[in-house]
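> The following block contains a protein sequence and its predicted model.
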Amino acid sequence: MPLAPYIIENAPLAPHCFYRIGGPARWGLFPRSLEEMEEAYKWIKGKNIPFMVLGGGTNVLISDSGYDGAVLFTGGLDYIRQRGKERFDVGAGTLLAEMVSKVLLPNNYTGTGALTGIPGSVGGALFMNAGTVNGSICQMAESVRLLSETGLTEWEITEKDYSYRGQRYCPTGTVILEGRFHFTVDENDQRTVYEHYLDRRRNTQPQGRCCGSVFKNPEGDHAGRLIEECGLKGTRLGGAVISEKHANFIVNEADASFDDVYGLISLAKARVKERFGMELTEEVRIIKD
Ligand SMILES: Cc1cc2nc3c(=O)[nH]c(=O)nc-3n(C[C@H](O)[C@H](O)[C@H](O)COP(=O)(O)OP(=O)(O)OC[C@H]3O[C@@H](n4cnc5c(N)ncnc54)[C@H](O)[C@@H]3O)c2cc1C
């Protein structure tokens with residue numbers, strides 16, 4: 001039987017990842033609608049192969065040997081629908097930056113400080129509970145629409161469902177299709193807040209190909225500080241470097257390989273463990289055999 005037009009065999013993954021690193025996926029599925037997403041999911045389940053979801057690819061580091069399974073892309077679920085006062089349904093494939101610029105800023109909604117400057121998709125942000133010291137996306141989400149082996153379901157989000165860069169409503173094998181958000185109008189000018197945090201990022205974070213913070217911050221401390229104290233800023237391996245600007249960022253400066261970045265991740269973990277006795281945990285999702 002011929003493949004559906006949105007299924008590609010040996011789909012390159014590097015162009016879909018912010019790091020620009022990673023070999024091909026055995027199958028890449030790019031459904032263009034909810035119907036195709038359900039169909040694609042069934043196709044994967046029918047083949048009984050490993051699968052993963054990819055949104056904007058801004059928080060993944062994928063092996064140079066690629067992924068021996070199916071990668072399901074969410075980019076086709078790209079929509080913002082207003083649902084009554086201050087409520088919006090946003091497709092998982094919508095860019096988070098678009099939600100900020102098209103919904104939060106024009107309405108002066110609270111949340112701009114938490115979400116400004118975070119790249120990637122709304123689905124990826126809901127999976128990671130992305131955010132900053134100013135808050136995280138789950139605080140603005142009322143519910144998520146999910147696709148799993150049990151079909152389409154809704155999950156009402158409560159405070160117990162999420163934590164620092166994590167949540168419990170999307171276990172392995174589940175796809176976040178949509179988030180329903182309830183925003184509130186802020187008393188401070190959100191355009192000013194937006195400009196302030198964009199500026200701050202420009203001044204404190206490197207610009208190149210990276211995944212943002214490589215490690216989660218340990219309770220009461222900063223992974224960047226610990227790595228910097230170990231004297232690792234500027235350390236290079238192949239084409240990758242621990243940023244001089246922010247030690248929790250590892251940048252692909254010159255065609256770095258997976259091993260280059262992974263080697264620096266391992267080095268930073270080992271040195272921090274040696275010096276401070278602390279185990280750093282990766283925030284970046286590492287995809288390797
Ligand atoms: C320059 C830069 C700055 C950053 N700053 C921040 C920051 O300030 N705060 C912050 O929290 N993060 C930050 N990040 C990290 C990253 O942008 C966020 O984690 C982002 O929310 C990931 O979204 P994504 O769509 O790119 O996810 P991806 O990288 O595509 O995927 C990340 C994980 O989510 C899963 N996933 C993605 N979409 C879905 C879905 N629809 N259903 C189920 N699972 C899914 C993937 O399988 C993977 O495990 C930064 C990254 C960069 C490059």
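That came through, no problem. Predicted, not measured: the structure shown is a model, and the values here were computed from it. Numbering: from 1, shown residues only.
> What is the neighbour count of the nearest residue to Val284 once chain neighbours are set aside?
Excluding its sequence neighbours, the residue lying closest to Val284 (C-beta to C-beta, 6 or more residues apart in numbering) is Cys211, at 4.4 Å. In this view, the C-beta of every residue, glycine as well, is placed from N, C-alpha and C. Burial of Cys211 is recorded as 26 neighbouring residues (other C-beta atoms under 10 Å).
> Just want the phi and psi numbers for Cys211.
Backbone geometry at Cys211, expressed as degrees, to the nearest 10, gives phi -130, psi 20.
> ok, now which ones touch it?
By C-beta atoms under 8 Å, 6 or more residues apart in numbering, Cys211 lies in contact with Phe18, Tyr19, Thr58, Asn59, Val60, Leu61, Ile250, Glu283, Val284.
> Pick out the one among those with the largest number of neighbours.
Ile250 (35 neighbours).
> Who are the contact partners of that one?
Residues near Ile250 by C-beta under 8 Å, 6+ apart: Cys210, Cys211, Val214, Ala240, Val241, Ile242, Ser243, Val261, Leu264, Ile265, Ala268.
> Outline the domain layout of the protein.
7-73, 80-190, 208-287 (automatic domain parsing).
> what number of residues lie near the residue of the stretch 151-289 of the chain found nearest the ligand?
Nearest residue of the stretch 151-289 of the chain to the ligand, counting by C-beta to the nearest ligand atom: Gly212, 2.3 Å away. By the measure other C-beta under 10 Å, the count of residues near Gly212 is 20.
> confidence score at it?
Note for Gly212: predicted pLDDT of 97.
> That one contacts Gly56, correct?
No - taking C-beta atoms under 8 Å as the definition, Gly212 is not a contact partner of Gly56, at 11.2 Å.
> Secondary structure and distance to Ile7 added to the contacts of Ile250, as JSON lines?
Below are the contacts of Ile250 laid out as JSON lines (DSSP: H, G, I helix; E, B strand; the rest coil; distance: C-beta to C-beta, whole Å):
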{"residue": "Cys210", "secondary structure": "coil", "distance to Ile7": "30"}
{"residue": "Cys211", "secondary structure": "coil", "distance to Ile7": "27"}
{"residue": "Val214", "secondary structure": "coil", "distance to Ile7": "32"}
{"residue": "Ala240", "secondary structure": "strand", "distance to Ile7": "32"}
{"residue": "Val241", "secondary structure": "strand", "distance to Ile7": "37"}
{"residue": "Ile242", "secondary structure": "strand", "distance to Ile7": "38"}
{"residue": "Ser243", "secondary structure": "coil", "distance to Ile7": "38"}
{"residue": "Val261", "secondary structure": "helix", "distance to Ile7": "29"}
{"residue": "Leu264", "secondary structure": "helix", "distance to Ile7": "35"}
{"residue": "Ile265", "secondary structure": "helix", "distance to Ile7": "32"}
{"residue": "Ala268", "secondary structure": "helix", "distance to Ile7": "38"}
